[in-house]
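**Q** Got a predicted structure here, sequence first:
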Amino acid sequence: MPLLEMTGINKSFYGVQVLFDVDLKLEAGEIHALLGENGAGKSTLMNILAGVYTKDSGQVIFDGQVLENLTIRQAKELGLAFVHQELNIINELRVYENLFLGKEEVGFGGALKKKEMIAKASDLFSSLGVDIDPTVYAGSLDMSQKQLLEIASALYADAKLIILDEPTTALNTDEINSFFELIRNAAQQGTAFVFISHKMPEIFALADHYSVLRDGHLIVSGKIEDTSPLELTNAMVGEMREVDNDETTKKIGDVVLEVENLSGVGFNNVSFDVRQGEILCLTGLRGAGCSEVLCTIFGLLPVKDGSIKVKGELLNIDSIKEAMQKGIAMVPSNRKENAVISCMSSIENTCISEHSLSFRKQHINKKEEIKRYRPLEKKLNIKSECAHDPITSFSGGNQQKIILARWLNTDADILLLDNPTQGIDVGAKSEIYRLIKELAHEGKTIIINTLEIPEIQRIADRLAVFYQGQIVGMLTNEEINESRVMRLATQADYRDSAINKAEKISIKEREA
């Protein structure tokens with residue numbers, strides 16, 4: 001008997017049908033890849049399974065039990081866990097408190113057994129190979145540690161099925177390999193996984209089976225070994241979509257941004273300049289300093305030394321407001337914590353930065369907001385039923401577009417994009433690539449931090465490669481390839497040279 005059978009699932013929101021007779025089946029210990037573009041219905045289907053939404057029709061059978069009117073609490077009690085792409089960590093609680101939230105261990109008089117919970121958390125992390133101090137506040141963890149904490153919490157709860165929504169977006173290569181080993185071990189013990197991802201290498205490295213959704217319909221399902229990345233991509237988008245390769249010559253103007261001997265949190269002595277209409281990409285291993293450089297230019301992190309000039313004028317250190325006034329905008333990574341204002345609509349999220357710049361206006365003009373929003377909605381292909389819908393009702397890709405619209409609405413000339421295609425499917429990525437190139441043709445100056453080498457090859461005019469907080473290489477588009485970039489990012493050539501030199505010295509010493 002399958003662990004999970006979802007049959008003929010239908011779901012509508014406000015009269016708009018989003019799922020059409022969708023089926024999904026999993027065996028115990030199976031790793032099942034659930035694929036589709038943003039808005040295809042993946043999250044809706046999983047939210048029905050997790051008790052967040054109720055289905056309109058169809059049947060859900062889990063572990064031999066027919067589930068009706070399922071709640072989130074009931075789903076957890078049955079052994080269903082959902083690790084969302086937008087993490088549900090409470091930063092103000094300590095790590096062990098997040099781990100035991102809702103299942104606290106108590107003693108006489110209801111007193112919490114803190115020492116016991118801390119010890120159990122330490123044992124769990126140790127068994128999973130996770131290096132996290134259970135006593136620190138969760139807000140002090142980096143994104144990869146928060147991701148691992150959520151996964152550890154699901155495993156600790158003895159979940160029979162764990163839904164993983166883009167779980168590797170904040171992990172580096174070593175962490176991904178360790179994470180995959182953790183998943184495989186859990187699967188061998190009988191835990192089933194639904195793995196939502198847009199990264200084909202990961203899907204083919206981890207999953208046993210797959211299902212593809214498109215526009216709310218189940219398109220195809222089967223064994224991973226019987227398909228290919230190209231076939232899955234075609235199933236997801238309907239046809240292969242390539243980035244718009246505009247061969248017209250782009251005009252590169254004068255230097256707009258100059259960074260000179262800049263040092264800050266996580267990097268030091270960084271220098272580069274960017275011209276009008278140019279796309280400069282930054283890359284390096286996680287923690288190399290790329291994201292911190294962008295945050296420092298925007299005033300989010302302090303400058304320790306050096307200078308930043310915009311059109312020849314010094315930028316006031318540590319001032320986000322002045323950065324905005326100078327025409328600098330930033331789309332940060334981790335949009336849930338750093339960008340999306342969940343209590344506001346899409347149009348309010350779009351217009352809020354412009355209101356900060358025009359703070360002397362005493363009243364918000366709703367008609368003016370709509371007038372400014374509509375062209376951006378069309379330009380970015382933001383898919384929505386109503387501009388006044390809450391931003392949380394949008395897919396992750398559309399949320400990202402709304403945050404970009406926020407800054408285009410300020411008429412910013414310099415765009416800092418920190419991992420802008422995080423959690424975005426292959427079709428939406430092509431839209432983002434096209435948009436970035438279009439903005440550069442319009443004269444915007446764009447700096448992007450990304451780890452995606454194919455992405456860099458498609459859009460970058462130049463690439464700055466970082467290693468341990470410093471630029472170790474500056475490549476033109478023609479010079480960019482994965483091997484060269486990785487050798488620079490890991491300093492493999494330098495280490496090999498140093499090892500060879502040490503071996504030669506050792507041989508000479510032995511001969512002497």
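**A** Cool, got the structure.
**Q** all contacts plus neighbour counts: C-alpha atoms, from now on.
**A** Fine.
**Q** what's the straight distance from one end of stretch 28-36 to the other?
**A** Its first and final residues considered, stretch 28-36 spans 23 Å by C-alpha to C-alpha, to the nearest Å.
**Q** again, but for stretch 444-463
**A** 17 Å.
**Q** how far does it sit from the chain's center?
**A** 16 Å (C-alpha atoms, centre = their mean, to the nearest Å).
**Q** Check what contacts that stretch and list those residues.
**A** For stretch 444-463, contacts defined as C-alpha atoms under 8 Å, 6 or more residues apart in numbering pick out 243, 256, 274-285, 290-291, 412-420, 433, 436-437, 440, 473-477, 480-482.
**Q** Just the buried ones from those?
**A** Neighbour-count burial within these applies to 243, 256, 274-285, 290-291, 412-420, 433, 436-437, 440, 474-475, 477, 480; the criterion is 16 or more other C-alpha atoms under 10 Å.
**Q** Inside helices: which ones of these?
**A** 290-291, 433, 436-437, 440 (DSSP state H).
**Q** Tabulate these in TSV, adding columns for distance to A152 and pLDDT.
**A** As requested, those are arranged in TSV below (distance: C-alpha to C-alpha, whole Å; pLDDT from 0 to 100):
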residue	distance to A152	pLDDT
C290	28	93
S291	26	91
Y433	35	83
I436	37	87
K437	40	90
A440	42	92
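**Q** Tell me the one of these nearest L112?
**A** Nearest to L112 among those is S291, at 39.2 Å by C-alpha to C-alpha.
**Q** Make JSON lines from the ones in helices among the buried ones among the contacts of stretch 444-463 and add distance to I456 to it.
**A** Below are those laid out as JSON lines (distance: C-alpha to C-alpha, whole Å):
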{"residue": "C290", "distance to I456": "14"}
{"residue": "S291", "distance to I456": "16"}
{"residue": "Y433", "distance to I456": "10"}
{"residue": "I436", "distance to I456": "12"}
{"residue": "K437", "distance to I456": "12"}
{"residue": "A440", "distance to I456": "14"}
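**Q** Looking at the residues you listed, which one is closest to V83?
**A** Distances from V83 to these, taken by C-alpha to C-alpha, are shortest for S291, at 24.6 Å.
**Q** OK, contacts around that closest one?
**A** Here S291 is in contact with 418, 449 (C-alpha under 8 Å, 6+ apart).
**Q** Distance of it relative to I90?
**A** Relative to I90, and taking C-alpha to C-alpha, S291 is found at 23 Å.
**Q** and if you look at L475?
**A** 41 Å.
**Q** Mark which of the buried ones among the contacts of stretch 444-463 are part of strands, please.
**A** 256, 274-275, 279-283, 414-418, 474-475 (DSSP state E).
**Q** Assess the claim that E37 and R214 are in contact.
**A** Yes. Between E37 and R214 a contact is recorded at 6.9 Å, counting by C-alpha atoms under 8 Å.
**Q** Angles on the backbone of V60, please.
**A** Note on V60: backbone dihedrals following degrees, to the nearest 10 are phi -120, psi 120.
**Q** Quickly list what it is bridged to.
**A** For V60, the beta-bridge partners are M6 (DSSP bridges).
**Q** For it, grab the count of nearby residues.
**A** By other C-alpha atoms under 10 Å, the residues close to V60 number 23.
**Q** residues near P229, how many?
**A** P229 has 14 neighbouring residues, counting by other C-alpha under 10 Å.
**Q** If we ignore the residues flanking it in sequence, what's nearest it?
**A** M200 (6.1 Å; C-alpha to C-alpha, 6 or more residues apart in numbering).
**Q** So the one you found versus L35, what's the distance?
**A** 10 Å.
**Q** higher neighbour count, those two?
**A** L35 (29 against 15).
**Q** Quick check: beta-bridge partners of the more buried one?
**A** Beta-bridge partners for L35, by DSSP bridges, are V212.
**Q** Quick check, central residue of this structure?
**A** With distances taken as C-alpha atoms, centre = their mean, Q422 lies nearest the centre of the chain, 3.4 Å away.
**Q** for it, helix, strand, or coil?
**A** What DSSP: H, G, I helix; E, B strand; the rest coil gives for Q422 is coil.
**Q** Now do the same for it: its pLDDT.
**A** Q422 is assigned 71 on the pLDDT scale.
**Q** try S153
**A** Note on S153: pLDDT of 84.
**Q** ditto for the one 3 residues further on
**A** If you check Y156, the pLDDT there is 79.
**Q** from what I can see it touches F125, true?
**A** No. Applying C-alpha under 8 Å, one finds Y156 not in contact with F125, separated by 9.8 Å.
**Q** who has more neighbours, these two?
**A** When Y156 and F125 are compared on other C-alpha under 10 Å, the one with more neighbours turns out to be F125, at 19 against 15.
**Q** Hmm, that one is touching S153, no?
**A** No. Taking contacts as C-alpha under 8 Å, F125 lies outside contact range of S153: 9.9 Å.
**Q** Low-confidence ranges, the stretch 401-512 of the chain, go.
**A** Scanning the stretch 401-512 of the chain for pLDDT under 70 picks out 423-428, 492-512.
**Q** where do the helices sit along it?
**A** With DSSP state H, counting those that start in this stretch as the definition, the stretch 401-512 of the chain shows helices at residue ranges 426-441, 453-459, 482-490, 492-511.
**Q** tell me which strands and helices the first one is in contact with?
**A** Which is helix 426-441. With contacts taken as 3 or more C-alpha pairs under 8 Å, 6 or more residues apart in numbering; DSSP states H and E, helix 426-441 sits against helix 229-237, helix 453-459.
**Q** and of these, who's closest to F13?
**A** Of all the helices and strands packed on helix 426-441, helix 229-237 sits nearest to F13, with 22.4 Å by C-alpha to C-alpha.
**Q** Keeping just the C-alphas, turn that closest one into PDB.
**A** Only the C-alpha atoms of helix 229-237 are listed here, as PDB (Å, rounded to 0.1, in the frame of the first residue of the first chain):
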ATOM      1  CA  PRO A 229      16.500  17.300 -17.900                       C
ATOM      2  CA  LEU A 230      15.400  18.500 -21.300                       C
ATOM      3  CA  GLU A 231      12.200  16.400 -21.300                       C
ATOM      4  CA  LEU A 232      11.400  17.700 -17.800                       C
ATOM      5  CA  THR A 233      12.000  21.300 -18.700                       C
ATOM      6  CA  ASN A 234       9.800  21.000 -21.800                       C
ATOM      7  CA  ALA A 235       7.100  19.400 -19.600                       C
ATOM      8  CA  MET A 236       7.300  22.300 -17.100                       C
ATOM      9  CA  VAL A 237       7.200  25.200 -19.600                       C
END
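**Q** now for it, which elements pack on it?
**A** With contacts defined as 3+ C-alpha pairs under 8 Å, 6+ apart, helix 229-237 has these neighbours: strand 209-214, helix 426-441.
**Q** can you do 10 Å?
**A** strand 31-35, helix 200-206, strand 209-214, strand 217-223, helix 426-441 (3 or more C-alpha pairs under 10 Å, 6 or more residues apart in numbering; DSSP states H and E).
**Q** now those in TSV, with distance to G299?
**A** Below are the helices and strands packed on helix 229-237 laid out as TSV (distance: least, C-alpha to C-alpha, whole Å):
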stretch	distance to G299
strand 31-35	38
helix 200-206	35
strand 209-214	41
strand 217-223	45
helix 426-441	23
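**Q** If anything else comes up later, I'll come back, but that's it for now.
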